[in-house]
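Q: Provided below are the primary sequence and the corresponding predicted coordinates.
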Amino acid sequence: MDEVERAVAALERGGLIVYPTETVYGLGADATGAAAVHRLADLKERDRDKPVSVLVASRAMLDDIASSISPVAERLIVAFWPGPLTIALQARAGVLSSLTGASGTIAARVSSHPMAQTIVAALGRPLTATSANPGGSTPASDIAAARAYFGSRVDVYVDGGPSAHGPASTIVDCSAPVLRLLREGAISLDRIEAAAGVRLRRE
């Protein structure tokens, strides 16, 4: 059994993994498992009311968690997925409140990293995509850094080599008529506005 198979097996039994993405290493839990997501929040030393973003493998998986996708969100999906753009959308009623926080929205992206893509597709459910670090610490850019943070409290570490050391994903809230830039990261505001065809409000 290779690392990816072991990671998926761990996720299916409610475990946590560290895995590579196109930005930094992510801390993964099955996003449909309340106990696993709560364990993740505790491991990250973060408030359980703070939203947690997810990776999806396909548009069908996105439709399972988002209640509606606006035309402008569609344009951003076409322009930047797979890639480091996280889009917040109105969440379906069944999505865990530990993922949405008090916002009522779910933030998702399709990763362009082949290992991340493979894990999400094999799991068949959304995977949490929060960075692999305790709150307030620098996100892990390699497995050694992640192990130093979490040690045996993570079930499986998937080694994809050093990350690109670039910024985290850009986050855009597309859940309301006026788009909001929640975090400017790997994709610039100018590129987002050009693809969306509208101006964004900065938070």
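A: Noted; the coordinates are in hand. Numbers count the residues shown, from 1 in each chain.
Q: tell me the phi and psi of the most centrally placed residue in the chain?
A: Central residue of the chain (CA atoms, centre = their mean): Ala129, 2.7 Å from the mean position. Dihedral pair for Ala129: phi -130, psi 20, per degrees, to the nearest 10.
Q: and it, what does it touch?
A: Neighbour list for Ala129: Thr21, Gly26, Gly28, Val52, Ser53, Val54, Leu55, Thr86, Arg109, Ser111 [criterion: CB atoms under 8 Å, 6 or more residues apart in numbering]. (Each C-beta comes from the backbone N, C-alpha and C, glycine too.)
Q: am I right that the first one sits in a strand?
A: What it means is Thr21. No: under DSSP: H, G, I helix; E, B strand; the rest coil, Thr21 falls outside any strand and is assigned coil.
Q: now do the phi/psi pair for Ala66.
A: The phi/psi pair for Ala66 (degrees, to the nearest 10) is phi -110, psi 130.
Q: low-confidence ranges in this protein?
A: The chain contains residues with pLDDT under 70 at 1, 165.
Q: and the helices in it?
A: Here the chain has its helices, by DSSP state H, at 3-12, 34-44, 59-65, 71-80, 97-100, 114-123, 143-150, 189-196.
Q: and Val178, which of these is closest to it?
A: helix 71-80 (10.3 Å; CB to CB).
Q: ok, back up a step: how about the contacts of Ala129 in JSON lines, adding neighbour count and distance to Leu181?
A: Formatted as JSON lines, these follow (neighbours: other CB atoms under 10 Å; distance: CB to CB, whole Å):
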{"residue": "Thr21", "neighbour count": "25", "distance to Leu181": "20"}
{"residue": "Gly26", "neighbour count": "27", "distance to Leu181": "22"}
{"residue": "Gly28", "neighbour count": "33", "distance to Leu181": "26"}
{"residue": "Val52", "neighbour count": "23", "distance to Leu181": "19"}
{"residue": "Ser53", "neighbour count": "22", "distance to Leu181": "15"}
{"residue": "Val54", "neighbour count": "28", "distance to Leu181": "20"}
{"residue": "Leu55", "neighbour count": "26", "distance to Leu181": "21"}
{"residue": "Thr86", "neighbour count": "24", "distance to Leu181": "11"}
{"residue": "Arg109", "neighbour count": "27", "distance to Leu181": "15"}
{"residue": "Ser111", "neighbour count": "27", "distance to Leu181": "20"}
